[in-house]
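Trainee: can you look at this prediction? I've put the sequence above it.
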Amino acid sequence: MKILVSGFGPFGEEDTNPSEIVATRVAEKLREAGHEARHVVLPVAYRRAKAILEQVVGELRPDIAIALGLYGGITHVRVERVALNMMDFSIPDVDGEKPQDLPIDPEGPTAYLASIPTRRVVERLKEEGIPASLSYSAGTYLCNYVMYTLLRLSDRTGYPRRAGFIHIPYTIDIASRKKGLPASLPLDVLVKGVLIAVEETIKEIEKEK
Ligand code: PCA
C-alpha cells in the first residue's frame, strides 16, 4: 500500500512537536513491513502546509493518509471524525497568519467525515490497552485545516483514497521537560497506536476488493 503519514513542526510555545517524531517512526516501520510509505513534517503555517500536501499527494497518490498533531494536555489518543470547513485561529500560525471566520475552501462542503474506520480504530486501541476516544472536533486551527485539506483533495482528485487525523498527547520525554508535567504517553505506545489505525484502514480497503 502507498501510505502518507504527516506530523507537524513546532508552534506557539512548543519547541518540539511529538507528532513529527511519531510520523517519522511510523513511516519507517511501514517501510520495514514492505509498504511504500512516506512521512512529511508540515510547518504550522496553513499556506505552506497546503502546498506541501498537494505536492506529496500528487506524487505519491496514497491509498491512505494519516495526519498527526499534538493536542497538549490530553491523556489519550483522539481519533478525529469531522473536519470543518472553517479557519478560526486563536493564535497566529508560524508565518504570522491568523485567519478568522473564513472557510478553508469557499467551494467545499461545510464538513467532511474521516474516511478511515474511526470507531474500529478506537476499539482496537482500547483492546491493545492504549487509551483512546472518538472526537467530534479537531478544532479550528492547523490540525482541522490539514484534515479538511486531505479530505478535500480526496474528494476532488481521488487521492488519498482514505484519510484521517489523530491527535496525540505529549510523549513522556517532552512532557517531563515542561512546566507542570502535562499528561503524556510513551513514544512507542503512540507509534503502535498509529500503526493500528493504518492496519485497520488496510483491512477496510481489503474488504472492498
Ligand atoms: N497541533 C495544532 C497544530 C499543530 C499541532 O501539532 C492543532 O491541534 O491544531
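Mentor: The structure has been received and is ready for your questions.
Trainee: near the ligand, which residues of this structure show up?
Mentor: 8, 11, 17, 19, 44, 69-71, 139, 141-143 (CB under 6 Å from any ligand atom). (Glycine included, C-beta is placed from N, CA and C.)
Trainee: rerun that using 8 Å as the cut-off
Mentor: Contact residues (CB under 8 Å from any ligand atom) of the chain with the ligand: 7-8, 11, 14, 17, 19, 44, 68-72, 138-139, 141-146, 167.
Trainee: of these, which belong to helices?
Mentor: Taking DSSP state H as the definition of helices, the residues of the chain next to the ligand contribute 19, 142-146.
Trainee: now tabulate those in TSV and tack on pLDDT and neighbour count.
Mentor: Formatted as TSV, those follow (pLDDT from 0 to 100; neighbours: other CB atoms under 10 Å):
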residue	pLDDT	neighbour count
Ser19	98	27
Leu142	98	24
Cys143	98	24
Asn144	98	24
Tyr145	98	29
Val146	98	28
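Trainee: give me the number of residues near Leu68?
Mentor: Around Leu68 there are 30 other residues, counting by other CB atoms under 10 Å.
Trainee: helices along the protein, start to end?
Mentor: 18-32, 46-60, 118-127, 142-157, 172-176, 187-208.
Trainee: deepest-packed of those, please.
Mentor: helix 142-157 (a mean of 22; mean count of other CB atoms under 10 Å).
Trainee: just want the angle from that helix to helix 18-32.
Mentor: Counting by axes from the mean of the first three to the mean of the last three CA atoms, to 10 degrees, helix 142-157 lies at 40 degrees to helix 18-32.
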